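> Could you look at this predicted model? Sequence included:
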Amino acid sequence: MIQIFILILLGLLTGVLCGLVGIGGGLVIVPALVYLFGFSQHMAQGTTIAMMIPPIGLLAAITYYKQGYVDIKTAIFIALGVFIGAYLGSRIAVVLPDIACKKIFGIILFLVSIKMIFFK
């Protein structure tokens, strides 16, 4: 039950960031699944694509699913959080100055890139 809550929370956070700065969920979810949940890179990518169905990742998700790289349950719970979080993030973003949105986006990209380049 705790893991389901954490997955929905991950989706919520991702949705807020998507709505706030327009980044794709994969930028947040793929590293989170790899580093926080121990997924392989392929499993994280496939699961992230599956949570974007419909219609964004349908064909790619089928391809990953056929190779065994999709965790459907995880994708569904994250999608629930993203659905709500994207709305909340967009509500915040529309009241922020453009420069604030640019800075938030840059900081997120920087932190994720540092983690992926220098740490396991």
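Thanks, I have it.
> which residues of this structure fall in helices?
Using DSSP state H, the helices of the chain run over 2-21, 25-37, 41-51, 58-66, 72-93, 98-118.
> Rebuild these as a markdown table, extending it with mean neighbour count and mean pLDDT.
In this view, the C-beta of every residue, glycine as well, is placed from N, C-alpha and C. Compiled in a markdown table, the helices of the chain are given as follows (neighbours: other CB atoms under 10 Å; pLDDT from 0 to 100):
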| stretch | mean neighbour count | mean pLDDT |
| --- | --- | --- |
| helix 2-21 | 20 | 85 |
| helix 25-37 | 20 | 85 |
| helix 41-51 | 23 | 83 |
| helix 58-66 | 15 | 84 |
| helix 72-93 | 19 | 88 |
| helix 98-118 | 12 | 86 |
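> you'd agree Tyr69 is up against Gly46?
Yes. Using CB atoms under 8 Å, Tyr69 is in contact with Gly46, at 3.5 Å.
> Figure out how far stretch 21-37 is from the centre of its chain.
Relative to the centre of its chain, stretch 21-37 is centred 4 Å away, using CA atoms, centre = their mean, to the nearest Å.
> Convert the C-alpha atoms of that stretch to CSV, please.
The C-alpha coordinates for stretch 21-37 follow below in CSV (Å, rounded to 0.1, in the frame of the first residue of the first chain):
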residue,chain,number,x,y,z
VAL,A,21,7.5,24.0,-16.7
GLY,A,22,6.2,21.8,-19.6
ILE,A,23,8.8,19.0,-19.2
GLY,A,24,7.9,15.5,-20.3
GLY,A,25,7.1,13.0,-17.6
GLY,A,26,10.0,10.8,-18.7
LEU,A,27,12.5,13.4,-17.5
VAL,A,28,11.3,12.9,-14.0
ILE,A,29,9.8,9.4,-13.9
VAL,A,30,12.6,7.4,-15.7
PRO,A,31,15.3,8.4,-13.2
ALA,A,32,12.9,8.0,-10.3
LEU,A,33,12.0,4.5,-11.3
VAL,A,34,15.7,3.6,-11.8
TYR,A,35,17.1,5.2,-8.7
LEU,A,36,14.3,5.0,-6.2
PHE,A,37,12.5,1.8,-7.3
